[in-house]
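pasting a predicted model and its sequence here:
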Amino acid sequence: MSEKTTHYDDELTALDAINPQTHPARDAQHFRRILAARQGVEDAEAELRNAVAAAREAGDSWTIIGAALNTTRQNAYQRFGRS
């Protein structure tokens with residue numbers, strides 16, 4: 001489990017501990033949805049970084065990777081090449 005996943009789980013656990021009868025907060029369904037979407041974005045970003053790293057290890061050029069990302073090779077390298 002990653003550090004980000006642990007943090008996400010901690011946030012959900014904290015929400016579960018709130019008693020709506022004694023806490024003035026509204027229903028947390030939207031907050032939970034935002035947390036889930038944020039976790040999805042973090043997971044997708046990690047998968048994208050892994051896919052780019054695998055492409056580079058396989059010998060694909062930054063030009064090809066940039067094309068797959070719908071950007072330039074320079075932008076692809078700036079985003080992923082300095083890990």
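Ah, there it is.

show me what contacts residue 81?
Neighbour list for residue 81: 56, 62 [criterion: C-beta atoms under 8 Å, 6 or more residues apart in numbering]. Backbone N, C-alpha and C define where each C-beta goes, glycine included.

how far away is it from residue 66?
As judged by C-beta to C-beta, to the nearest Å, residue 81 and residue 66 stand 11 Å apart.

and for residue 7?
Going from residue 7 to residue 66 by C-beta to C-beta gives 32 Å.

out of these two, which sits in the more crowded spot?
When neighbours are counted by other C-beta atoms under 10 Å, residue 7 and residue 66 differ, and residue 66 comes out ahead with 18 against 12.

hmm, which helix or strand of this structure has the shakiest average pLDDT?
Lowest on mean pLDDT, DSSP states H and E among the helices and strands of the chain sits helix 3-16, with a mean of 69.

need phi/psi at residue 71.
Per-residue torsions, residue 71: phi -150, psi -180 (degrees, to the nearest 10).

quick one: distance of the longest helix seen in the chain to the chain centre.
Using DSSP state H, we find that the single longest helix of the chain is helix 29-57. Here helix 29-57 is found 3 Å from its chain centre; the criterion is C-alpha atoms, centre = their mean, to the nearest Å.
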